[in-house]
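Chemist: Sequence first, predicted coordinates after that:
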Amino acid sequence: MRLLQRYILFELLRVFTLMITVLTVLLVFVGAFQQATDQGLGAILVLKILPFIVPSMLPFTIPATLLLTVCVVYGRISGDQEITAAKAAGINVLSLLWPSFILGGFLSLGSLLLSDQIIPWAEKNIEKTIALELETIFLEKLRSQNQIHDPASGISITVMGVRDKTLLVPTFRYSPPNKQPVHLQAEEATLEFDLAHQQVILHISKGHIDFPGKPRFYVEKDDFPFPLPSQTAMAKPRHMSVRSIKSELGNLNEKKDEFEFQRDIEVAMVLALGDFERFHSPEINTDLPQTQAEDKRKNKLKTALSSRFALSCSCFFFVLVGCPFSIAQARRQFLTSFFLVFMPILLFYYPIVLLTINLSKLGKIEPGWSLWAGNIGLLFIAIHLLRKVLRN
């Protein structure tokens, strides 16, 4: 690499490293500790999962940070008349932009690697850490908020306080699905987490229990098992690798093909026998809740697969727009150039991306091409700006 391009590339790397470090630290410490405070998690637990939170933020911070970097570097060298000096020496402006294009391409690949491999790995480690510290999380939340409520499992716990691992004057309410709630109040209680059987064993001392339709009775000591607060049965598409998404999509397609094959056989039998009332049977009806849930899951997986590539490549398209724009605005401050180029992206690019993602999840449009609409728009703008810079 020639001296001038190497100089520009080192400037880009230096500014980008500094800005991504500062921005990530601010987002992690402000966002993570704010969320931990809202959920009642302890500072030690937050520090344990903090290294795994950073990768999940990088795909969102890298494109904007890279755009700010090219505005700083190219705005400065253009404002110092270095672009004019290069032109006077017979150097094509496009050759000065290659370092940023190379950096944008590598960061696009890096973002794809983050979302495909590192983020799923980090999420698994977060879940593992939280599972091992589940008892601590539970007690910390009761100690800070004095209550826990999980609507999915029907468990509600209220305490007057927590001493070590002992709950003081706890009140429990358990509402199983389609059943009347059970109330329990005791002087003291302790919780034992049985992760192997996915349950919480409640050890109460000197308590009163109210079962539906039965008189209230007193117990000196007793144990009651409860299911653990519900966990998501299916992994979120964002926390899955490309291989896992494609594998699940293949399984869903095979399941759908098998269902359609069985349905065609049933329809043929109904038509042959004249038993038209069976058209409303589960074997033929395609509007079943299970079928609809599978279609929604498939749309979400396809959207996540396409958006992963489209959003990762946004780094490169941001560079295509930011470099010629910052050169054209050489007389302005770099922050002014950044806001002038980032505000249209914020007002138009991201709304288009969010709209196409939501429509793709609903199955209204095909995500394979629609999620690239924002990048294609940036490409046309970049071509116009590049032509203007190269000409003038």
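Modeler: Sure, I can see it.

Chemist: what's the burial count for Leu9?
Modeler: 17 (other C-beta atoms under 10 Å). All C-beta spots, glycine's among them, are computed from the backbone N, C-alpha and C.

Chemist: do the same with Trp121
Modeler: Using other C-beta under 10 Å, Trp121 has 13 neighbouring residues.

Chemist: Enumerate every residue touching it.
Modeler: Contacts for Trp121 (C-beta atoms under 8 Å, 6 or more residues apart in numbering) come out as none.

Chemist: domain ranges for this structure?
Modeler: Recorded structural domains for the chain (assignment: automatic domain parsing) are 3-133+298-391, 153-227, 237-296.

Chemist: got the contact list for stretch 165-173?
Modeler: The contact list for stretch 165-173 (C-beta under 8 Å, 6+ apart) reads 135, 139, 142, 155-162, 181-191, 202, 204.

Chemist: Swap in 10 Å and give it another go.
Modeler: Contacts with stretch 165-173, where a contact means C-beta atoms under 10 Å, 6 or more residues apart in numbering, come from 135-136, 138-139, 142-143, 147, 149, 154-162, 181-192, 202-205, 207, 209-210, 224, 226.

Chemist: State the helix or strand in which Gln185 lies.
Modeler: Assigned by DSSP states H and E, Gln185 belongs to strand 182-194.

Chemist: in the very next helix or strand once past that strand, what counts as buried?
Modeler: The first helix or strand that comes after strand 182-194 along the chain, using DSSP H and E, is strand 199-210. Neighbour counts over strand 199-210 (16 or more other C-beta atoms under 10 Å) mark Val200, Leu202, His203, Ile204, Gly207, Ile209, Asp210 as buried.

Chemist: Am I right that the second one is in contact with Phe138?
Modeler: Read it as Leu202. No: the criterion here is C-beta atoms under 10 Å, and Leu202 misses it with Phe138 at 11.6 Å.

Chemist: Need the residues touching each of those two.
Modeler: Ile157, Leu167, Leu191.

Chemist: Among those, which one has the most neighbours?
Modeler: With neighbours taken as other C-beta under 10 Å, the top of these is Leu167, carrying 27 neighbours.

Chemist: Would you map the helices across this structure?
Modeler: Under the criterion DSSP state H, the chain contains helices at 3-27, 33-39, 43-79, 82-88, 93-113, 119-132, 134-145, 242-273, 289-312, 314-328, 334-344, 350-361, 367-370, 373-391.

Chemist: Could you pull out the buried residues of the fourth one?
Modeler: In other words, helix 82-88. Glu82, Ile83, Ala86.

Chemist: per-residue pLDDT, the first one?
Modeler: Right, Glu82. Looking at Glu82, its pLDDT stands at 85.

Chemist: Give me the local confidence score for the most centrally placed residue in the chain.
Modeler: Closest to where the C-alpha atoms of the chain average out (C-alpha atoms, centre = their mean) is Arg238, at 5.4 Å. Looking at Arg238, its pLDDT stands at 80.

Chemist: What separation do you get for it and Ala85?
Modeler: Distance, Arg238 to Ala85, using C-beta to C-beta, to the nearest Å: 47 Å.

Chemist: cool, and Thr291?
Modeler: 67 Å.

Chemist: what does Phe16 give?
Modeler: Taking C-beta to C-beta as the measure, Phe16 falls 24 Å from Ala85.

Chemist: Any chance of CSV for the buried residues of strand 199-210, columns distance to Tyr349 and pLDDT?
Modeler: CSV is the format used below for these (distance: C-beta to C-beta, whole Å; pLDDT from 0 to 100):
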residue, distance to Tyr349, pLDDT
Val200, 46, 76
Leu202, 52, 79
His203, 56, 86
Ile204, 57, 84
Gly207, 59, 84
Ile209, 58, 82
Asp210, 57, 81
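
Chemist: what's the most distant pair in the residues you listed?
Modeler: Farthest-apart pair in the buried residues of strand 199-210 is Val200 and Asp210; separation 19.8 Å (C-beta to C-beta).

Chemist: Who does His203 form a beta bridge with?
Modeler: Assessed by DSSP bridges, His203 has beta-bridge partners Thr190, Asp223.
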